[in-house]
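Peer 1: sharing a model prediction with you, sequence too.
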Amino acid sequence: MEERRVIEVKKNILAANDEAADAFRAARAEEGTFFVDVMASPGAGKTTILLAIIAELRRRGVADLGVIEADLESDVDALKIKEAGVASVELNTRGVCHVEMGMVERAFAAFAGAAGRFDYLFLENIGNLVCPADFDTGAHTRVMLLSVPEGWDKVMKYPPMFAAVDALIVTKCDYLPLNDDFDMDRLKTEARRLNPDLNIFVTSARTGEGVPDLVDWLQSQRAAKVQG
Ligand SMILES: Nc1nc2c(ncn2[C@@H]2O[C@H](COP(=O)(O)OP(=O)(O)OP(=O)(O)O)[C@@H](O)[C@H]2O)c(=O)[nH]1
Ligand SMILES: [Mg+2]
């Protein structure tokens, strides 16, 4: 009985979150803000690849960028993004292991003084390969990172995240010569078994490899999903 009640409460919370996420997504699409949720384990390279994506977008003449930096604590990543001259809002979840819609709405409202929209808005989600998969953050596109040093077999251990995203970004591929047990073919096969439509990019934020292809894809997603 107790157990059933707990499950029902979780269902209700997720349903309310999904409803708010749909409304947020629709409002952003209408104003031309393309919103991308970036998920991965701690240290996989989320902030670093965001900085590489931002640099590539700027090279292509896209200037209107914003980042919501979610962390349990600290402003370290938000400051890195600000130092790159990009609008950023720090979202401290105070120990909560995922981001929910109420948090996204408050963070978005906190971009005080901004034009109220961005060409691209990114969320760096909490470093966690488990809980964020369950929570729709109102993004138009969800991506996850898996860095080479973490090992290819995380696809076997954390399948819900691989099933939930539109793209898998394999990062730190400059480590491939050192990690000869990283089985890229098996990773791709297992990931596509979970998610047949999955887009896969092999990148290194250190060397820049794969970043232009990733940004091509983000631009095509933007064109397909938001106005203007
Ligand atoms: N060699 C190499 N190192 C990388 C690459 N991307 C990130 N790093 C390094 O990996 C470390 C962690 O990178 P971050 O970007 O801070 O990772 P994160 O996922 O944002 O970390 P948290 O926000 O703490 O969860 C840093 O020392 C980066 O310099 C890469 O492509 N190659
Ligand atoms: Mg980070």
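Peer 2: Sure thing, it's come through. Ligands and ions are numbered 1, 2, ... in the order given.
Peer 1: so which residue is dead centre in the chain?
Peer 2: The centroid of the chain falls nearest to residue 38 when counting by CA atoms, centre = their mean (0.9 Å).
Peer 1: who's in contact with that residue?
Peer 2: Residue 38 makes contacts with 46, 49-50, 122-125, 143-145, as judged by CB atoms under 8 Å, 6 or more residues apart in numbering. C-beta coordinates here come from the backbone N, C-alpha and C atoms, glycine included.
Peer 1: beyond the helix or strand of the chain with the lowest mean pLDDT, next helix or strand please.
Peer 2: Here the helix or strand of the chain ranked lowest by mean pLDDT, DSSP states H and E is helix 2-31, holding a mean of 84. As assigned by DSSP states H and E, the chain's next helix or strand after helix 2-31 is strand 34-40.
Peer 1: check whether that next one comes into contact with ligand 1.
Peer 2: Yes: applying CB under 6 Å from any ligand atom, one finds that strand 34-40 is in contact with ligand 1 at residue 40.
Peer 1: wondering if that strand reaches ligand 2 at all.
Peer 2: No: judged by CB under 5 Å from the ion, strand 34-40 makes no contact with ligand 2; its nearest approach is 8.8 Å.
Peer 1: in that strand, what counts as buried?
Peer 2: 34-40 (16 or more other CB atoms under 10 Å).
Peer 1: which among the residues you listed gets closest to ligand 1?
Peer 2: Using CB to the nearest ligand atom, residue 40 is the member of these that sits closest to ligand 1, with 5.4 Å.
Peer 1: roughly how far does that closest one sit from residue 22?
Peer 2: Look at residue 40 and residue 22: by CB to CB, to the nearest Å, they are 25 Å apart.
Peer 1: before we move on, what about residue 87?
Peer 2: Relative to residue 22, and taking CB to CB, residue 87 is found at 25 Å.
Peer 1: what's around residue 94, how many residues?
Peer 2: Burial of residue 94 is recorded as 7 neighbouring residues (other CB atoms under 10 Å).
Peer 1: where does the protein have low pLDDT?
Peer 2: Scanning the chain for pLDDT under 70 picks out 1-7, 9-10, 112-115.
Peer 1: show me where it has strands.
Peer 2: With DSSP state E as the criterion, the chain has strands at 34-40, 65-71, 87-92, 120-127, 141-147, 167-171, 199-202.
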